[in-house]
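Enquirer: Here is my input, please return the structure:
(chains A and B)
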There are 2 protein chains.
Amino acid sequence: MSDSDIHYRNYNNNNNHYYPSSSSSSFSSCEKEGLYKAILSRRDVRSHFISDKNIPNDALVRILNAAHHAPSVGFSQPWNFILIKDKSIRQQVKESFLTEYKKSISMLDNDKTRQEKYLSLKLEGIMESAINICVTYDHTKFGPFILGRTSIAETGVYSVCCAIQNLWLAARAEGIGVGWVSILSNEDLQKILLIPEHVRPVAYLCLGYVEEFAAKPDLENAGWLHRIELSEVICYEQWGYSRSAISSSDSWSEFCSNIQ
Amino acid sequence: MSDSDIHYRNYNNNNNHYYPSSSSSSFSSCEKEGLYKAILSRRDVRSHFISDKNIPNDALVRILNAAHHAPSVGFSQPWNFILIKDKSIRQQVKESFLTEYKKSISMLDNDKTRQEKYLSLKLEGIMESAINICVTYDHTKFGPFILGRTSIAETGVYSVCCAIQNLWLAARAEGIGVGWVSILSNEDLQKILLIPEHVRPVAYLCLGYVEEFAAKPDLENAGWLHRIELSEVICYEQWGYSRSAISSSDSWSEFCSNIQ
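Expert: Numbering: from 1, shown residues only, chains lettered A, B, ... in the order given. Below is the predicted model of the structure:
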């Protein structure tokens, strides 16, 4: 049994506090591949949920544990996860979506082509998914002095977003789709889920098994927007020095030639 | 050659736009393990960087490509990555850190025990790491109408945080440590890196090979704060309904018994 076998076994045994020994520090090709596969094939899922297939408890625990092992500023772990199955609660969230969705449609009144495309998209799976999860940010946890949060207060909520991405990737590896519903009113969420004032909803997620994961993101498939080239989002040393500004004598030129 | 071999080979061939076919949709045990291993053994690295070991171009491209494949609201991909090797630029960032660090120390003047512990911690590896990366958020990209960002404007910056977490996990799988320096002034960063006013710095990261990844987070090891139990960050249906409030007849009771 390899080190990594030990790792995963311990993990499946629900030992949430397992930490790998440094001897299992490096990744095999297959392990590396698993991570990149999760990252590259993760999708924002809004449709094709298999409604009658529940998520097993152990898979849900693994997914939540992955979220809980995100980095957090000053180890403040400022997240909470509200798990929602109740249909009447979900229906109230759906109504908040519908209200906000109507508002957003009217923002495209001056661009009828885009508005029509927008209307053709399915944007949420609140009722059809197996479970909804509201992820929240509590800035008071372990506070008021949080190491590393003294200069930039927003780093607290950034930690919660890292937890959401962990959750999303773990779900993907478990074959479970996740859709982030952002067309919602946080004030509504706060009321519906009885979230206290000092706690902020960060994400409302819909999880469930799906028939398949689309080869490309829905919005790319629909021609809504295109994938930006990687080289276009990279600058060198300072803002604005991108690939086109790098000369062949520049120390970055070899790196630049490695990027598509 | 399995489907997943194809996936990884294509990926290594620098085909940034590779998407897996649905036939390779499910994860083998080893692939799943790779993801969980990256999530559970990722660390915020501030020391023990191997200063003279450079990151190969292909590894850096894979890491940045992983970041670029994060979810983004309305597929807006609002991130940019400034790669910094220049020592004089890094020195200016280090000075911003030192100024902000001094301010933070004084916040603990009324708690000398904690202040002393705080002073004993190494909090950044700006100069010793192989490369620094500043990750930024540009709300104007593809705007002003961004699908899904119409009700909650913060979802734009949340997307950037998801990209940061992808970057962090990919680096871990490559054996590269990442440290997020948050004791900085964004105004300083904006000036030093010539970042325009409409673009916001989100994270300043230090990357480099490390001798080993610590078994536990530094702040947990140092006894700064403890890891919260997973069961303590989960609520059921609404805020406040946690494990202690769940009766044995509740539909959540079986799930609760699965969590440590």
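
Enquirer: alpha carbons only for contacts and neighbour counts from here, please
Expert: Fine.

Enquirer: Packing partners of the longest strand belonging to chain A?
Expert: In terms of residue count, the longest strand belonging to chain A (DSSP state E) is strand A:199-209. Under the contact criterion of 3 or more Cα pairs under 8 Å, 6 or more residues apart in numbering or on different chains; DSSP states H and E, strand A:199-209 touches strand A:131-138, helix A:155-173, strand A:176-180, helix A:186-192.

Enquirer: now residue A:151: how far from residue B:100?
Expert: Relative to residue B:100, residue A:151 is positioned 7 Å away (Cα to Cα, to the nearest Å).

Enquirer: which residues are common contacts for the two?
Expert: B:183-185 (Cα atoms under 8 Å, 6 or more residues apart in numbering or on different chains).

Enquirer: Neighbour-wise, which one of these leads?
Expert: Counting neighbours by other Cα atoms under 10 Å in any protein chain shown, residue B:183 comes out on top of the shared contacts of residue A:151 and residue B:100 with 26 neighbours.

Enquirer: what's near enough to touch that residue?
Expert: Here residue B:183 is in contact with A:148-152, B:97, B:100-101 (Cα under 8 Å, 6+ apart).

Enquirer: can you do 7 Å?
Expert: A:148, A:150-151, B:97, B:100-101 (Cα atoms under 7 Å, 6 or more residues apart in numbering or on different chains).

Enquirer: next one: residue A:231
Expert: Contacts of residue A:231 (Cα under 7 Å, 6+ apart): A:243, A:259-260.

Enquirer: secondary structure class for it?
Expert: Secondary structure, DSSP: H, G, I helix; E, B strand; the rest coil: residue A:231 is helix.

Enquirer: Need the per-residue pLDDT for it.
Expert: pLDDT, residue A:231: 95.

Enquirer: Over to residue A:145?
Expert: Reading off the model, residue A:145 has pLDDT 97.

Enquirer: Residue A:118: neighbouring residues, count only.
Expert: Residue A:118 has 18 neighbouring residues, counting by other Cα under 10 Å.

Enquirer: Tell me which residues touch it, please.
Expert: Residue A:118 neighbours (Cα under 7 Å, 6+ apart): none.

Enquirer: I'd assumed it was in a helix, is it?
Expert: Yes - Residue A:118 sits within a helix when classified using three-state DSSP.

Enquirer: Quick check: pLDDT value at it.
Expert: In this model, residue A:118 is scored at 97, pLDDT.

Enquirer: Spatially nearest residue to the residue nearest the centre of chain A (excluding sequence neighbours)?
Expert: Geometric centre of chain A, nearest residue: residue A:165, 3.6 Å, by Cα atoms, centre = their mean. Leaving aside its chain neighbours, residue A:165 sits nearest to residue B:162 (5.3 Å; criterion: Cα to Cα, 6 or more residues apart in numbering or on different chains).

Enquirer: my guess is that neighbour meets residue A:163, correct?
Expert: No - contact between residue B:162 and residue A:163 fails when scored by Cα atoms under 7 Å: they sit 8.6 Å apart.

Enquirer: Can you tell me, leaving aside adjacent residues, what's nearest to residue A:259?
Expert: Excluding its sequence neighbours, the residue lying closest to residue A:259 (Cα to Cα, 6+ apart) is residue A:231, at 6.1 Å.

Enquirer: Kindly report the same for residue A:151.
Expert: Distances taken as Cα to Cα, 6+ apart place residue B:183 nearest to residue A:151, at 5.6 Å, with adjacent residues excluded.

Enquirer: List the buried residues of stretch A:252-260.
Expert: When burial is assessed from 16 or more other Cα atoms under 10 Å in any protein chain shown, stretch A:252-260 yields the following buried residues: A:252, A:256, A:259.

Enquirer: Would you reformat those as TSV and include secondary structure and distance to residue A:119?
Expert: Listed next are the buried residues of stretch A:252-260 as TSV, based on DSSP: H, G, I helix; E, B strand; the rest coil; distance: Cα to Cα, whole Å:
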residue	secondary structure	distance to residue A:119
A:252	coil	44
A:256	helix	40
A:259	coil	36
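
Enquirer: Now render these as JSON lines, adding distance to residue A:89 and pLDDT.
Expert: As requested, the buried residues of stretch A:252-260 are exported to JSON lines (distance: Cα to Cα, whole Å; pLDDT from 0 to 100):
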{"residue": "A:252", "distance to residue A:89": "54", "pLDDT": "94"}
{"residue": "A:256", "distance to residue A:89": "51", "pLDDT": "92"}
{"residue": "A:259", "distance to residue A:89": "47", "pLDDT": "88"}
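
Enquirer: Among those residues, which one lies nearest to chain B?
Expert: In terms of Cα to the nearest Cα, no member of the buried residues of stretch A:252-260 lies closer to chain B than residue A:259, at 6.7 Å.

Enquirer: Distance check, the closest one against residue B:57.
Expert: Separation of residue A:259 from residue B:57 (Cα to Cα): 9 Å.

Enquirer: next one: residue A:31
Expert: Remark: distance between residue A:31 and residue B:57 (Cα to Cα) = 21 Å.

Enquirer: Which of these two has more residues huddled nearby?
Expert: Applying other Cα under 10 Å to residue A:31 and residue B:57 shows that residue A:31 carries more neighbours, namely 24 against 16.

Enquirer: who's in contact with the more buried one?
Expert: With Cα under 7 Å, 6+ apart as the criterion, the residues that contact residue A:31 are B:30-31, B:33-35.

Enquirer: what do you get for residue A:141?
Expert: Contacts of residue A:141 by Cα under 7 Å, 6+ apart are A:76, A:78.
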